[in-house]
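Q: coordinates for the following, if possible.
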Amino acid sequence: MNKRLFLAFAIAVSGFSVADAQVEVHKGLKWDAGTGLLLKENAKPVRASRGTSLSADSTQGRFIITVTDAEAALDSIAILGGEARRINDKLVTARIPYNKIEAVAALQSVTYIEAAHKSYPALDNARKSTRADSVHAGIELETPYTGEGVIVAVIDQGFQYDHRAFRDDEGNSRILAVWNRYAGEEEPTTDISSSHDGITDSYGHGTHVAGIAAGSVVRGNDYSGMAPGADIVMVPSTLYPDEILEDAQWIKEFAEAEGKPWVLNMSYASNMGPHDGTTTYEQTMDGFCGAGALMVGAMGDDGGSKLHVAHTFEAAGDSVYLLFSNTPPLGYNYAALWGMAADGEQHLNVEFMVYNAETKTFRTMEDLPDGWGVEGEISANNQKENYVIWAYPDTLATLLGEEKNNLYAGLKITSKDASAGFHAWLNYVDSFVTMDGYGLEGDSEYLVAQGSANIPRAIGVGSYDNRERWKTFSDSTFETKVSPGAISYFSSPGPSLGSDLKPTVMAPGYYVISSYNRYSTMMYPDGVVMDDDYVVAAVDDDGNALDYASASVETSHFYGVMSGTSMAAPAVSGILALWLQANPKLTPEDVVEIISKTAIRDEYTGGVQGDWTPTTGYGKIDAYAGLKMALEKLAANNHDLTMPTTQPVTLKKGADKWRILFNVAEENVKVSLYSLANGEVSRTTLDEVSPGDETVIDLNAYTPGVYIIKIVTPNATVTRKVVVSH
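A: Predicted structure coming up:
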């Protein structure tokens, strides 16, 4: 995985100045702890070689700023050399030179500045995956609902705009608009490029995700998305939250101008935050949601990782230690610690320490001339004390002149009063460690992804395993060791520290087949390699299947395997587009209610329908049952129907029974079953049918053979063949 995708801040850290051992906790300041670290560094030369993503400007940072007057703030920030965008009357996003942060904070119109922590695509680290059918949780579902008239928006990286998965039967693009923020485009466009977004080192993540949610039906395979008739909006993103706010605001306004309901897919994650939904970013994103305006967030892929610690003290003066890995994958330790009390008071004393495993001694940061960083504050958003920690093991070893393998950066946390407590998180694939009896052991709890699933009204999606094996494009069979239906080992669990239950629901995310970006160079410098085990199929421009010999890396359109909650989230986004087509007034609260009453609980999730757990939410999403309830809500609320009467029913075909769901109100309906040998064998007449009503044909009552089901309404006739084989 390319490290650039996972850097948490677009800042360069050149070391930290000497300070007292105990971290000073700031209260009543106009900036958060992350901004405080930037201020601490402002007086030093910035080294672009450390901690800076290649897409970031090493002379300025990115911020979300609460204001009293947006227009006044925009003008003032511009005068100070920054760039800002209005989100609403009380919020702007800004790029500000580091040496102007204090000047911006001093503006009368500025209330609070928060540093923007970058998210990363929620893709499983091993790049394992399996296929996703056109309707995963309801694979037997035959439905006229395709998402037509609904916008599926995807904020991500690595889009191949011209992939056959994003064209209709006539070859026209189904992408309504693109805003390439990663490339620095100032405005969106409806002039869709015949190429890609230019982000080639992202595994083609966005292409795969968009294909799962809304990939087109093509003749050459059955790897279409959940909502193959939906309109698509793509936003290639830097994945900084300030920008994502701007993206989401535009998506909402664009969909409203089009007069269409919308669902936004967010397959990215971070652990840097309070995990309670109170950040300015999360509250603002939450405000964009509403009737016909839904968001879906990946839970993250940190299940099993020791990224979290929680502790409650028994007495004042008690102390515990946190130790960080001395070989962090990204080269630095980056952590956040949040007190449990939301009363605006300091209950913890926090000291930066370095433990030497050889001498079994601690050194405080008073001994260190450079190479550490801790900043404390009382958060203006939730009134909890917050500490941000940044350390470089290599730098510490160099400065101390000692062997890095013996050194562990960490914290000593001491309670100022009884019953004080804290939660702490590391960002991405790092781990808390224990050494010689020191250091609390990490766990994998409370890992609801910041920036996506942790948005209060977003639907948080975890992953379950999907497929044991697949045939590769080069005609070999790839065997996995998963049990289809089992909860994926990497799926981040909850709960949230806020009031919303996360995860909401589970969907297939481990071993998913979807559209592949042929321009991606993440694994191979020249793009797709056709004999890779994770490439499974190719089609030509017309959607016809190609064999290995006739396919071309330069011109063909590929399908392949990826894994992660990144893949589970768009499965739900696509299904919600189907529900929105049936009922365009659905709210986030409606969706949670539908999921809670229809999600499947089985041997892997445990419990019964309606139960919620922090590992599996309400269970596995059921597209058909949810669609039925969405229609019932439509009828109950007397909303206008969106389905034409030429498609009066939705069918769910099972081995033992067929369920016939009525999409529209009908005065009378006749349902008949015909045997090819004996003619009509049953007839049911229904009067005054409402949307969401259902009738069932039990096939166990009939002898084996071929039958025809015929459904006749005043406006349409539907016939289907069914084989009874029991």
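
Q: count the neighbours of Gly705 for me.
A: When neighbours are counted by other CB atoms under 10 Å, Gly705 registers 14. Heads up, the C-betas are built off the backbone N, CA and C, glycines and all.

Q: can you show me the strands along the stretch 251-400 of the chain?
A: Secondary structure of the stretch 251-400 of the chain (DSSP state E, counting those that start in this stretch): strands located at 262-266, 268-269, 293-298, 308-312, 319-324, 333-339, 348-356, 361-364, 374-378, 385-391.

Q: ok, which of those comes nearest Thr587?
A: Thr587 lies closest, by CB to CB, to one member of the strands of the stretch 251-400 of the chain: strand 293-298, at 8.1 Å.

Q: so which elements touch the closest one?
A: In terms of contacts (3 or more CB pairs under 8 Å, 6 or more residues apart in numbering; DSSP states H and E), strand 293-298 is packed against helix 241-258, strand 262-266, strand 268-269, strand 459-465, helix 565-582, helix 588-598.

Q: the third one - what's its average pLDDT?
A: Across strand 268-269, pLDDT averages out at 86.

Q: quick one: contacts of that strand?
A: Here strand 268-269 makes contact (CB atoms under 8 Å, 6 or more residues apart in numbering) with 119-122, 155-156, 239, 297-302, 449-453, 492, 565-566.

Q: got a list of what Asn381 touches?
A: Contacts of Asn381 by CB under 8 Å, 6+ apart are 274, 278-280, 283.

Q: try it again with 6 Å
A: Counting by CB atoms under 6 Å, 6 or more residues apart in numbering, Asn381 touches 278-279.

Q: need the buried ones from the contacts of strand 268-269 selected in ChimeraX.
A: Filtering the contacts of strand 268-269 down to the buried ones (16 or more other CB atoms under 10 Å) takes a single ChimeraX command:
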select :119,120,121,122,155,156,239,297,298,299,300,301,302,449,450,451,452,453,492,565,566
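
Q: among the contacts of strand 268-269, name the ones in helices.
A: By the criterion of DSSP state H, membership of the contacts of strand 268-269 in helices covers 565-566.

Q: run a quick neighbour tally on Val696.
A: Neighbours of Val696 under the rule other CB under 10 Å: 13.

Q: helix, strand or coil: sort out it for me.
A: Here Val696 is recorded as strand under DSSP: H, G, I helix; E, B strand; the rest coil.

Q: before we move on, what about Ala537?
A: strand.

Q: same deal with Thr685?
A: Assigned with three-state DSSP, Thr685 falls in the strand class.

Q: my guess is Gly451 meets Ser270, correct?
A: Yes. Under the criterion of CB atoms under 6 Å, Gly451 makes contact with Ser270 at 5.0 Å.

Q: which one of the strands of the stretch 251-400 of the chain lies nearest to Pro503?
A: Pro503 lies closest, by CB to CB, to one member of those: strand 293-298, at 9.4 Å.

Q: what's the closest one in contact with?
A: Against strand 293-298 from outside (CB under 6 Å, 6+ apart): 122, 263-267, 269, 289, 452-453, 458-460, 565-566, 569, 572-573, 576, 588.

Q: so how far is Ala630 from Asp231?
A: Distance, Asp231 to Ala630, using CB to CB, to the nearest Å: 19 Å.

Q: neighbour count for those two, which is higher?
A: Using other CB under 10 Å as the criterion, Asp231 and Ala630 rank with Ala630 on top: 26 against 22.

Q: wait, is that one part of a strand?
A: No. Counting by three-state DSSP, Ala630 is located in no strand; its state is helix.

Q: mind listing what it touches?
A: Contacts of Ala630 by CB under 6 Å, 6+ apart are 579, 582-583.

Q: which of the contacts of strand 293-298 are buried?
A: Buried residues within the contacts of strand 293-298, defined by neighbour count using 16+ other CB under 10 Å: 122, 263-267, 269, 289, 452-453, 458-460, 565-566, 569, 572-573, 576, 588.

Q: separation between Gly560 and Asp542?
A: Distance, Gly560 to Asp542, using CB to CB: 20 Å.

Q: what do you get for Gln108?
A: The gap separating Gln108 from Asp542 is 62 Å, by CB to CB.

Q: over to Lys633?
A: 40 Å.

Q: ok, those two, which is more surrounded?
A: When neighbours are counted by other CB under 10 Å, Lys633 and Asp542 differ, and Lys633 comes out ahead with 20 against 12.

Q: look at that one and tell me its secondary structure.
A: Criterion first, three-state DSSP; result for Lys633: helix.

Q: which secondary structure element of this protein has the lowest mean pLDDT?
A: When each helix and strand of the chain is scored by mean pLDDT, DSSP states H and E, strand 120-121 comes last, with a mean of 54.

Q: what does Val553 show for phi and psi?
A: phi -60, psi -30 (degrees, to the nearest 10).

Q: which residue ranges of the stretch 1-150 of the chain form strands?
A: With DSSP E, counting those that start in this stretch as the criterion, the stretch 1-150 of the chain has strands at 25-26, 60-67, 83-88, 91-97, 110-115, 120-121, 141-142.
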